[in-house]
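**Q** with the input below, show me the fold.
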Amino acid sequence: MPRQDLNRRSVLYGTAVIGAASLLARSRHAPTIGEAEGTVPWGTNVTTGTGEGGSAGSSPAPGDGSAAALPPPAGPGRAAAGPEGTGTFTNGLTGRVGATLSPAALGARTWSEAARKFDARVGRPMAASASRMFFSGVTLGSSADLVRAFVETGTSAVMSFRPSRIHSTTEIATLKRTIRECQNAGLKIDAICLWHEPNDITKKVVPFRTGAEYIDYVRYYGPAVVEMGVPLAYIPVVLTTAGALQDSYFPGTTWRGKPLVTHIYPDFYCMSQYVQGVRMDASVRLADAYGLRLGLGEFGQTNSHSRPSNSDFAAYMRYLRGVYAGRENRGSCIYWFGGSLGDPHRAGYDELGTFYEALTA
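**A** Residues are numbered from 1 along each chain as shown. As a prediction, the model looks like this:
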């Protein structure tokens, strides 16, 4: 299966999309209400954590990536830290409908500006509600700016860390320190994944050659995450409907009598999977069999070099509504907009708005 375009790579490693390269891009999309002035053209059905005096449209302040550069815990307009791991909607359902964005693809200089533009186009607070956050290791590095922006907006994060595959107590200590920094800063953490898409055997370099290798990896590092009061997630890529690899790489819900994985966020795209006849049966089966919260780590137009037709994307979104709408034990579902091929365009934004309403109304 073809992998994600180059824009995704810049998000995966240190969120470089918020850096200088994004200054060069400018969107051709005509501004709608809320894009330029930062108004919020949606209701208040989802609790994003921002108060009346919140700063959902503000840009992050400069920082050096250290713990001291992060904001202090909870204050006016900031979300309090806490391992709730779920969103709360007025209908009592759990999970959020979010979006992971490339500022460059939206002609924005910062994540906050990109979130404002995207949410104005979809007419709902998707990017402001939840987003993925990727790390190539176990430290914040330059992503401290992004943490700050999420805190200011009240955005929940599904975080992906990659501790060393050589088991290390030093890595455990560093991972726990990073999680603590984020919690102290007021970041709302939906869940943490250890090495997303571990079952993707189509990669040139396969990090875990067998499911047993990945299971041992999560059993080693995972308890440290759970001890911090944060839900542990499994994020497989959907390769086949039967999903034998999803099953064989699943780490389980307990290890040595203690909790382990509680959330599953499969990555499932329209062009690369749905249009090819692949469905999410294995992910749903795992969630139902083990009582996991079922979300979507990445959903969207494509993770290859071509995009679907409007009719194919509409059918894909109808399928996702059928899987997730009304599902009580649900995790966050996060759209991927990592480059020009991920742009929903007008019809796609309408589909996303319908999906948002179906899951939160």
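**Q** using the three-state scheme, assign the residue positioned nearest the centre of the chain.
**A** Centroid check for the chain by CA atoms, centre = their mean gives Arg132 as the closest residue, at 2.5 Å. Three-state call for Arg132 (DSSP: H, G, I helix; E, B strand; the rest coil): strand.
**Q** before we move on, what about Asp216?
**A** Recorded secondary structure, Asp216: helix (three-state DSSP).
**Q** circling back: the residue nearest to the centre of the chain pairs with what?
**A** Taking DSSP bridges, one obtains Val158 as the residues bridged to Arg132.
**Q** Gly95 and Leu359 touch, don't they?
**A** Yes - using CB atoms under 8 Å, Gly95 is in contact with Leu359, at 7.1 Å. (C-beta placed from N, C-alpha, C; glycine too.)
**Q** and the two? which has more neighbours close in?
**A** Legend: neighbour count by other CB atoms under 10 Å for Gly95 and Leu359, higher for Gly95 (29 against 24).
**Q** which residues touch that one?
**A** Thr86, Gly87, Arg293, Gly295, Tyr324, Arg330, Gly331, Ser332, Cys333, Leu359 (CB atoms under 8 Å, 6 or more residues apart in numbering).
**Q** just the closest of these to Arg318, please.
**A** Nearest to Arg318 out of these is Tyr324 (CB to CB; 11.4 Å).
**Q** quick one: neighbours of that closest one, just the number.
**A** 23.
**Q** wait, it sits on Leu359?
**A** Yes - contact criterion CB under 8 Å: Tyr324 and Leu359 qualify, at 5.7 Å.
**Q** send over stretch 118-135 as PDB, restricted to the C-alpha atoms.
**A** Provided in PDB are the C-alpha atoms of stretch 118-135 (Å, rounded to 0.1, in the frame of the first residue of the first chain):
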ATOM      1  CA  PHE A 118     -10.400  24.400   9.000                       C
ATOM      2  CA  ASP A 119     -13.100  24.700  11.700                       C
ATOM      3  CA  ALA A 120     -14.600  27.700   9.900                       C
ATOM      4  CA  ARG A 121     -14.800  25.800   6.700                       C
ATOM      5  CA  VAL A 122     -16.400  22.700   8.300                       C
ATOM      6  CA  GLY A 123     -18.600  24.900  10.600                       C
ATOM      7  CA  ARG A 124     -17.800  22.800  13.600                       C
ATOM      8  CA  PRO A 125     -15.000  22.800  16.200                       C
ATOM      9  CA  MET A 126     -13.200  19.700  14.900                       C
ATOM     10  CA  ALA A 127      -9.600  20.800  15.100                       C
ATOM     11  CA  ALA A 128     -10.300  22.600  18.300                       C
ATOM     12  CA  SER A 129     -11.700  19.500  19.800                       C
ATOM     13  CA  ALA A 130      -9.100  16.800  19.200                       C
ATOM     14  CA  SER A 131      -5.900  16.100  17.200                       C
ATOM     15  CA  ARG A 132      -3.100  13.600  16.900                       C
ATOM     16  CA  MET A 133       0.300  14.600  18.200                       C
ATOM     17  CA  PHE A 134       3.400  12.600  16.900                       C
ATOM     18  CA  PHE A 135       6.900  12.200  18.400                       C
END
